Each structure stands twice: as C-alpha cells, then as structure tokens.
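>>> I would like the atomic coordinates for the input below:
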Amino acid sequence: MAEILDGKEVAARLTEELIMRAENLKSRGVVPKLAIVRVGERVSDVKYEQSAAKKCAKIGIEVELFHLGGEASQEEVLRTIETVNRDGSIHGCLIFRPFPEGFDDALIRSKLDPDKDVDGITNGSLSGVFTGTRTGYTPCTADACMRILEHYGYGLEGKNVVVIGASLVVGRPLGLMFLTREATVSLCHIKTRDVKRYCDNADIIVSAVGHAGLVTRDMVKPGQTVIDVGINVNKEGKLCGDVDFDGVSKIVDAITPVPRGVGSVTTSVLAMHTIEAAEAARV
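Take a look at the predicted model:
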C-alpha cells in the first residue's frame, strides 16, 4: 500500500509558521489583509472562499469580500479591481475565474496590481515562474504540489515527471517549476496521444485535469509518486480526484488523497503569499 502524502500535515506546519509571522506584522502595526473578488455563486468558488476565509482567520489575516452578482458586467469587475489596487490596507487579492462568457480574461488579469497578485494570475507572476525568479507569486495550487513533495523529502533533481493538464492555473506553471528544480518534464494535455506511454517512464505523475478516474492502475507501476490535483464529484456524490485512488494506491509508492491532499495545502499557500505581500509592503 502506498504512503499517503497527507496535505493536512503540510498545511498544519505551514500554518504554525504563518501565525507567528502575522503576529510579528501586527506588532509593527501592519494587519495583513486579503481581498476576495467573486462573480456569481458557483459552488466550487463559494466552498473555496469559505475555506480560504477560515484559514486566514486562524492565521490572523483579515479578509474583505467583494461579491458581484451573476449578472455583473465586466466593467463592474474592473472597477472592483481598481478599488482593491487603490486600497493600501489590502495586501493580496484572490479573483475567482473563469469569468462569465464574453469577459476578457487577459484584460481583467492585467489590471490587478502585480504586488497584490497572491494567486499568481498576472503575466508578471507567470513570467516569474518562467524565468525561475522571485517576480510576483506562483499559482497557489502549483506551489502546493511542490511543498507537499518537499515536506515528504522527495528530491526532484534528475527525476522524470509527467504533468497531465496544461492550464495556466496548474499544469504549465507546475511544469516550469519542476524544470527549475532540474527535473525532466513531459507536459501532457487533451491532445496528447497515449498518455500511459509517458507515465511508464515517470518517477512522479501529477494529474490536474478535473476528470474523475482519469489515472487508472494500468497507467502506473511500483516506485512512482502520484500527486492528484483534481477535484471532482463521483456518481455517489462524494468528492474525488483524477486518480482511481483505490486501484492506484495499491501499486505506487506514494500518493496524495482527495480530500486531505493538495487542496488542503492550497489555502495555506494563499495565506503565505498574503503574508509575504504584507511584509514586502512594510519595507
């Protein structure tokens, strides 16, 4: 049976550190603050917002919510972002995407102050991932994957890594982060033929597609580590990942569960980036 890479354990350790850093900021008169901008009532957004707000409250980060109705216009979103940019008490901003049909995603992302882009959505932050520099902030979910591997002592240098999923939110930035740590990366996507062939040679497999049961036991082998980023609801109404956990966990050496995996760490990373932004603003 595989070692279970429990994200709750990783998040707990990070949270302890962040509580101390938040207290240090407050002792110097700085209250770290996160703005959350949400359009509509998409269930996944609401749940993540609740989780993020709960984590921030535990650490000592204030949260200001900017809720726009599902009928909100793009101009309303842009005005809200401008409000966030101008407010010196706000250090970080989480903007839920995707936006409603017809919105210009690239334009909206470009309007957020890069110094407040704690979720890594602006071109400035993404260029920082590309160049391997500390420009902006890495996308939180991608960062969470790396922190789980680091916490459990998995070295990346020279390892063969397969990332299934090529989104700007997880797949592409995560692939670049593995490259920066001198791993060899295969980035698979919806048009990739025979994904199993790539998995056969992998030391680490990451699935970030959002498709339940995508990674099956016939795609893995002993010695591998599997990171499941997917968040899905199965036919029984239960939360599950992209990986057939019951089948795959009997074969590979290590695996993240869903829930209690990557998602558990993502909110802690969001809080960490907010603390970092507050610390930077203090300088």
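
>>> Mind listing what's buried along stretch 75-87?
77, 80-81, 84-85 (16 or more other C-beta atoms under 10 Å). Every C-beta, even on glycine, is put in place using the N, C-alpha and C of the backbone.

>>> quick one: it to chain centroid distance?
Computed by C-alpha atoms, centre = their mean, to the nearest Å, the chain-centroid distance of stretch 75-87 equals 23 Å.

>>> Likewise for stretch 223-234?
Worked out by C-alpha atoms, centre = their mean, stretch 223-234 lies 14 Å from the chain centre.

>>> Can you measure across it, start residue to end residue?
Separation of the first and last residues of stretch 223-234 by C-alpha to C-alpha, to the nearest Å is 28 Å.

>>> Just list what the helix or strand of the chain with the lowest mean pLDDT packs against, helices and strands only.
Scoring the helices and strands of the chain by mean pLDDT, DSSP states H and E places strand 232-233 at the bottom, with a mean of 86. Applying 3 or more C-beta pairs under 8 Å, 6 or more residues apart in numbering; DSSP states H and E, one finds that strand 232-233 contacts strand 239-240.

>>> Next one: residue 113 from residue 20, what distance?
Residue 113 is 27 Å from residue 20, where distance means C-beta to C-beta, to the nearest Å.

>>> Oops, could you answer that again for residue 207 instead?
Distance from residue 207 to residue 20, by C-beta to C-beta: 34 Å.

>>> Show me which of those two is the more surrounded one.
residue 207 (27 against 12; other C-beta atoms under 10 Å).

>>> Quick one: residues contacting that one.
Taking C-beta atoms under 8 Å, 6 or more residues apart in numbering, we find residue 207 in contact with 164-165, 214-215, 226-230, 241-243.

>>> switch to 7 Å and redo it
164-165, 214-215, 228-230, 242-243 (C-beta atoms under 7 Å, 6 or more residues apart in numbering).

>>> for it, phi and psi?
Dihedral angles of residue 207 (phi, psi; degrees, to the nearest 10) stand at phi -110, psi 120.

>>> Going along the chain, name the helices of the stretch 151-283 of the chain.
171-180, 195-200, 245-248, 262-282 (DSSP state H, counting those that start in this stretch).
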